[in-house]
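**Student:** the amino acid sequence is not available; the structure is as follows:
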Ligand SMILES: Nc1nc2c(ncn2[C@@H]2O[C@H](COP(=O)(O)OP(=O)(O)OP(=O)(O)O)[C@@H](O)[C@H]2O)c(=O)[nH]1
């Protein structure tokens, strides 16, 4: 079974929990506790392959950019901003920069393909502060994927976005498996064990 770790990162209130919970449960729940970080776990089948998925949802990230553990833990990243909050867009930009910086030396293409920039709260487009073209440009500049959606209203889009990230991560695994000497897999497990987090099953 493949183990995939995704980190959903973004500014405070951008909709990280809403996106993760929407994907995992199909439901949009209005309010989420923002004082606790957690890892949601789920088993799913993707293209006939069993996957044990872990989704890291940090507590409010206001001003928190270092994220050294998270950046090394995750196989893929969903960077969320709120289209009605320009500050969250600036934070997403800084996060994308951090991801690139922390993966210096790794295969550039693999890192880029495992990052998805998401402009959330598209239902609030009457209060829009960030244009679609700005999000698209930021994604092109960072060679990552991009979409705008609403965790509140678009379950299908949310699910499709998670599936795309998962597929890219899985194909990165295949490339890595071909390159990697066998010892490095157990080293990765050791690092994961050291980086223990609270786990929630959904
Ligand atoms: N209108 C609208 N509101 C949303 C959407 N997604 C999330 N929200 C709301 O935005 C607020 C913040 O959502 P959260 O999912 O808690 O955001 P977060 O990024 O996890 O927040 P922190 O944990 O505080 O960093 C909540 O009131 C949600 O109901 C959306 O697509 N549309």
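**Tutor:** That came in fine, so what should we check first? None of these values were measured; they are calculated from a predicted model. Numbers count the residues shown, from 1 in each chain.
**Student:** nearest residue to the middle of the protein?
**Tutor:** residue 78 (2.3 Å; CA atoms, centre = their mean).
**Student:** the longest helix that the chain contains: how far from the chain's middle?
**Tutor:** Secondary structure assigned by DSSP state H gives helix 155-179 as the longest helix of the chain. Between the mean C-alpha point of helix 155-179 and the mean C-alpha point of its chain there is a distance of 11 Å (CA atoms, centre = their mean, to the nearest Å).
**Student:** now for that helix, which elements pack on it?
**Tutor:** Helix 155-179 is packed against strand 2-10, helix 16-25, strand 38-46, strand 49-57, strand 76-82, helix 108-113, strand 115-120, strand 145-148, with contacts defined by 3 or more CB pairs under 8 Å, 6 or more residues apart in numbering; DSSP states H and E. For the C-beta atoms, the positions are set from N, CA and C on the backbone; glycine is no exception.
**Student:** among the ones you listed, which comes closest to residue 173?
**Tutor:** If you check each of the helices and strands packed on helix 155-179 against residue 173 by CB to CB, strand 2-10 wins as the nearest, at 6.4 Å.
**Student:** quick one: contacts of the closest one?
**Tutor:** Contacts to strand 2-10, defined as CB atoms under 8 Å, 6 or more residues apart in numbering, come from residues 16, 19-20, 49-58, 61, 67, 70-71, 73-81, 88, 91-92, 95, 120, 162, 165-166, 169-170, 173, 192.
**Student:** can you name the residues of the chain sitting close to the ligand?
**Tutor:** Within the chain, the positions near the ligand by CB under 6 Å from any ligand atom are 10, 12-18, 30-32, 34, 59-61, 120-121, 123-124, 150-152.
**Student:** mean pLDDT per helix and strand in this structure: which one sits at the bottom?
**Tutor:** One helix or strand of the chain scores below all others by mean pLDDT, DSSP states H and E: helix 183-194, with a mean of 54.
**Student:** check the contacts of strand 2-10 for burial and list the buried ones.
**Tutor:** Burial by neighbour count, 16 or more other CB atoms under 10 Å: within the contacts of strand 2-10 this picks out 16, 19-20, 51, 53-58, 61, 67, 70-71, 73-81, 88, 91-92, 95, 120, 162, 165-166, 169-170, 173.
**Student:** rewinding a little: weakest of the helices and strands packed on helix 155-179 by average pLDDT?
**Tutor:** If the helices and strands packed on helix 155-179 are sorted by mean pLDDT, helix 108-113 sits at the bottom with a mean of 61.
**Student:** show the average pLDDT along the longest helix of the chain.
**Tutor:** Here helix 155-179 scores 88 as its mean pLDDT.
**Student:** buried ones in it?
**Tutor:** Judged by neighbour count (16+ other CB under 10 Å), helix 155-179 contains these buried residues: 155, 157-158, 161-162, 165-166, 168-170, 172-173, 176.
**Student:** mind listing residues that contact the helix or strand encompassing residue 95?
**Tutor:** Element membership for residue 95 (DSSP states H and E) is helix 86-102. Contacts to helix 86-102, defined as CB under 8 Å, 6+ apart, come from residues 9-14, 61, 65-68, 71-72, 77, 79-83, 111, 115, 117, 119, 129-130, 134-135, 138, 142, 144.
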